[in-house]
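[1] Generate a structure from the sequence data that follows.
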Amino acid sequence: MSMSMRGLVSRRVTNRITQMNNRLAEFATPVMRNYDLYVYRNLVVSGNGGIKGDFTVDGDEKVDGDVKVGGNVNVDGYVLAQTFLPGQVINVSMFSSTDLAQNATITVSATDTVNIFTLSFTPKYSNSYLIIEYQTNYSLAGNGDDSAFGFLKVSGVRISQTYQKWVNALGGGTRSGVLFPLIGRYTNENTTTKTIAVDLYNQTIGDPITVASDISTWLKITEIGR
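    Numbers count the residues shown, from 1 in each chain. Here you go, the predicted structure:
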């Protein structure tokens with residue numbers, strides 16, 4: 001046997017252990033090469049991994065631990081988070097009067113309680129707060145000692161209210177612009193669809209309240225982690 005043949009036979013592969021079916025390649029020491037490394041199956045890194053150049057993933061990438069990024073992250077698609085920090089914004093929704101199907105003009109007669117709108121809303125996350133804000137124009141006719149309540153409800157339960165009182169005297173105060181905006185917070189525990197509603201109770205003796213539905217009408221729902 002020639003010298004070159006003996007060297008080839010006696011040389012041991014110390015940098016990897018490869019199964020016969022080529023399903024697993026285990027590298028005990030770093031692969032010191034300056035050409036491409038193609039992995040056609042799973043790639044498992046038990047220790048630290050460093051990439052100095054570009055890193056392109058054509059398929060899905062699953063990371064069970066933390067990912068620390070010192071520079072920018074540019075994402076062409078969407079980023080889907082599964083958990084959120086307390087106060088972290090999950091989703092923001094804005095609904096106009098058209099989205100709410102709110103009537104152009106709503107009259108609330110004395111001593112009546114009238115629903116202004118009802119909306120079906122599905123939270124994105126099962127452990128969150130819903131911060132709900134509603135705004136629209138309204139006015140109260142007449143004069144005298146009157147009062148009214150605005151109620152914000154989630155699935156039939158009142159979570160917030162506003163109150164306005166007019167005194168029977170000269171300079172008795174504005175007769176609009178206090179009941180709204182109406183703001184409240186709901187503690188959400190699942191992704192079941194909720195009904196968001198606003199009711200107006202007219203506690204006057206004989207003066208109607210008129211609620212407008214126009215460009216002043218907006219419902220904002222902000223879902224945050226808790």
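[2] Low-confidence ranges, this protein, go.
    Along the chain, segments meeting pLDDT under 70 span 1-35, 169-176.
[3] hey, where'd the strands end up in it?
    Taking DSSP state E as the criterion, the chain contains strands spanning 16-18, 25-27, 89-96, 105-108, 113-121, 128-135, 138-140, 146-154, 157-166, 182-188, 194-202, 209-212, 218-225.
[4] possible to save those as CSV with distance to residue 58 and mean neighbour count?
    From N, CA and C alone the C-beta is placed, and that goes for glycine too. CSV is the format used below for the strands of the chain (distance: least, C-beta to C-beta, whole Å; neighbours: other C-beta atoms under 10 Å):
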stretch, distance to residue 58, mean neighbour count
strand 16-18, 25, 11
strand 25-27, 21, 12
strand 89-96, 29, 14
strand 105-108, 55, 16
strand 113-121, 37, 16
strand 128-135, 33, 20
strand 138-140, 56, 19
strand 146-154, 44, 20
strand 157-166, 47, 15
strand 182-188, 37, 18
strand 194-202, 39, 20
strand 209-212, 54, 21
strand 218-225, 32, 19
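[5] Quick one: closest of the ones you listed to residue 67.
    Closest to residue 67 of the strands of the chain, according to C-beta to C-beta: strand 218-225, at 18.9 Å.
[6] which outside residues touch that closest one?
    83-96, 99-100, 117, 119, 121, 123-125, 127-136, 188, 196 (C-beta atoms under 8 Å, 6 or more residues apart in numbering).
[7] picking up where we left off before, closest to residue 73 out of the strands of the chain?
    Nearest of these (C-beta to C-beta): strand 89-96, 17.7 Å.
[8] what's the angle from the closest one to strand 218-225?
    170 degrees (axes from the mean of the first three to the mean of the last three C-alpha atoms, to 10 degrees).
[9] Would you mind putting the CA coordinates of strand 89-96 into CSV?
    The C-alpha coordinates for strand 89-96 follow below in CSV (Å, rounded to 0.1, in the frame of the first residue of the first chain):
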residue,chain,number,x,y,z
VAL,A,89,-50.9,47.6,23.1
ILE,A,90,-52.4,44.5,21.4
ASN,A,91,-54.9,46.1,19.1
VAL,A,92,-56.6,49.5,18.4
SER,A,93,-60.0,49.7,16.7
MET,A,94,-61.9,52.8,15.6
PHE,A,95,-65.5,52.7,14.6
SER,A,96,-67.5,55.5,13.0
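[10] Please name the residues that touch the residue nearest to residue 136 when sequence neighbours are not counted.
    Beyond its immediate neighbours in the sequence, the residue positioned closest to residue 136 (C-beta to C-beta, 6 or more residues apart in numbering) is residue 217, lying 4.2 Å away. By C-beta under 8 Å, 6+ apart, the contact set of residue 217 is 96-97, 100, 102, 135-137.
[11] Serialize the strands of the chain to JSON lines and add fields for distance to residue 51.
    Output for the strands of the chain, formatted as JSON lines (distance: least, C-beta to C-beta, whole Å):
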{"stretch": "strand 16-18", "distance to residue 51": "20"}
{"stretch": "strand 25-27", "distance to residue 51": "16"}
{"stretch": "strand 89-96", "distance to residue 51": "31"}
{"stretch": "strand 105-108", "distance to residue 51": "61"}
{"stretch": "strand 113-121", "distance to residue 51": "42"}
{"stretch": "strand 128-135", "distance to residue 51": "35"}
{"stretch": "strand 138-140", "distance to residue 51": "60"}
{"stretch": "strand 146-154", "distance to residue 51": "47"}
{"stretch": "strand 157-166", "distance to residue 51": "49"}
{"stretch": "strand 182-188", "distance to residue 51": "39"}
{"stretch": "strand 194-202", "distance to residue 51": "44"}
{"stretch": "strand 209-212", "distance to residue 51": "59"}
{"stretch": "strand 218-225", "distance to residue 51": "31"}
